[in-house]
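**Student:** Please find the sequence and the predicted model below.
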Protein chains: 2
Amino acid sequence: METEKIPKTAQELIESSKIAFLGSINDEGYPNIKAMLNIKTEGLKTIWFSTNTSSKRVSQFRKNSKACVYYVDDKKFMGLMLIGEIDVLQERAYREMLWKKGFERYYPLGMDDPDYTVLRFTTKWGNFYHGLSNINFEF
Amino acid sequence: METEKIPKTAQELIESSKIAFLGSINDEGYPNIKAMLNIKTEGLKTIWFSTNTSSKRVSQFRKNSKACVYYVDDKKFMGLMLIGEIDVLQERAYREMLWKKGFERYYPLGMDDPDYTVLRFTTKWGNFYHGLSNINFEF
């Protein structure tokens, strides 16, 4: 399916979401889910998260980059699932790009806190449902 | 960890949730997430869902029973992740047990609709966070 056929409502769902659900695979091959702050996205193609370097997710993605990001609005019966890969990034440029006021709460040492890690999710394909309509798309 | 140490708030989170997030593994080994109606639970040990037999989730769980169920209250900064296995069930007894008024909307042929399937999730272990507290528990 052509990417231009993705309805605008999918993009609006991302923009209006305070949290995204991030799926990973653990050491035993089970899916894991965690709610993440939805802080920065570039269309439906690149989703950025910040997390603690010491977190379980970071060690999982270092071993297995396969991931999923999910957005939902259950009142509007609308859901967007993106499937792709996570890159675990710690370079200064990424830290700076993603840093927000208030992040000191999570990373007390500031932008260079070794416990601050950036996750970049890149979409390969996705599925969007809204009411009874359901579409798949690829990038 | 002893199961009796699981805080009551974890059970309350399940009971107050209209939706649960169900994690599965697709054919290519990627995690998938879907919002599901939270219709019936037995403590933190058994979670019941209904779905369409023709759905992607049913074919995924028939090949790989590894699953995850996630509940969240982002306002209370609270999340519960349960890791375990899904059984795909179609016996009449299960259909009857789970059937609710209004299910005709999803399964027009009623309780015996071949497109009506029951999913039973059984928890092996879980993780509950609330504010800064974070506990793991096993069953």
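**Tutor:** The structure has been received and is ready for your questions. Numbering: from 1, shown residues only, chains lettered A, B, ... in the order given.

**Student:** which other helices and strands contact the longest strand seen in chain A?
**Tutor:** In chain A, with assignment by DSSP state E, the single longest strand is strand A:116-130. Packing partners of strand A:116-130 (3 or more C-beta pairs under 8 Å, 6 or more residues apart in numbering or on different chains; DSSP states H and E): helix A:8-16, strand A:46-52, helix A:56-63, strand A:66-73, strand A:78-89, helix A:92-98, strand A:133-138. To be clear about C-beta, it is placed using only N, CA and C from the backbone, and glycine gets the same treatment.

**Student:** Point out the most buried one among the ones you listed.
**Tutor:** By mean neighbour count, with neighbours taken as mean count of other C-beta atoms under 10 Å in any protein chain shown, strand A:66-73 ranks first of the helices and strands packed on strand A:116-130 at a mean of 24.

**Student:** What is the least confident helix or strand in chain A?
**Tutor:** The helix or strand of chain A with the poorest confidence is strand A:133-138; it has a mean of 91 (mean pLDDT, DSSP states H and E).

**Student:** pLDDT below threshold where in chain A?
**Tutor:** A:1-4 (pLDDT under 70).

**Student:** Can you pull the residues of it lying near chain B?
**Tutor:** A:18-19, A:21, A:23-26, A:28-35, A:66-68, A:70, A:72, A:74, A:79, A:81, A:83 (C-beta under 8 Å from any C-beta of the partner chain).

**Student:** Number of residues surrounding the closest residue to residue A:74 other than its chain neighbours?
**Tutor:** Spatial nearest neighbour of residue A:74, excluding adjacent residues (C-beta to C-beta, 6 or more residues apart in numbering or on different chains): residue B:19 at 5.1 Å. Neighbour count for residue B:19, taken as other C-beta atoms under 10 Å in any protein chain shown: 15.

**Student:** quick one, phi psi at residue B:19?
**Tutor:** The phi and psi values for residue B:19, taken as degrees, to the nearest 10, are phi -130, psi 150.

**Student:** what about the closest residue in space to residue A:99 that isn't next to it in sequence, is that helix, strand or coil?
**Tutor:** In this structure, residue A:99 finds its nearest non-sequential neighbour in residue A:111, 5.2 Å apart by C-beta to C-beta, 6+ apart. Using DSSP: H, G, I helix; E, B strand; the rest coil, the structure places residue A:111 in helix.

**Student:** now residue A:111: how far from residue B:106?
**Tutor:** 49 Å (C-beta to C-beta, to the nearest Å).

**Student:** Then residue A:107?
**Tutor:** Here residue A:107 is placed at a distance of 45 Å from residue B:106 (C-beta to C-beta).

**Student:** More neighbours: which of those two?
**Tutor:** residue A:107 (20 against 14).

**Student:** dump the residue contacts of residue A:5.
**Tutor:** Taking C-beta atoms under 8 Å, 6 or more residues apart in numbering or on different chains, we find residue A:5 in contact with A:135, A:137.

**Student:** Please apply the same query to residue A:32.
**Tutor:** Here residue A:32 is in contact with A:23, A:24, A:25, A:26, A:56, A:57, A:60, B:23, B:31, B:68, B:81, B:83 (C-beta under 8 Å, 6+ apart).

**Student:** Residue A:24 now?
**Tutor:** A:31, A:32, A:34, A:57, A:60, A:61, A:64, A:66, A:67, A:86, B:31.

**Student:** which ones are touching the fifth one?
**Tutor:** In this case it means residue A:60. A:24, A:25, A:26, A:27, A:32.

**Student:** Same list, those residues, but as JSON lines with secondary structure please.
**Tutor:** Formatted as JSON lines, the contacts of residue A:60 follow (three-state DSSP):
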{"residue": "A:24", "secondary structure": "strand"}
{"residue": "A:25", "secondary structure": "strand"}
{"residue": "A:26", "secondary structure": "coil"}
{"residue": "A:27", "secondary structure": "coil"}
{"residue": "A:32", "secondary structure": "strand"}
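
**Student:** now, which of the residues you listed sits nearest residue A:42?
**Tutor:** Distance to residue A:42 across the contacts of residue A:60 (C-beta to C-beta) is lowest for residue A:24, with 21.0 Å.
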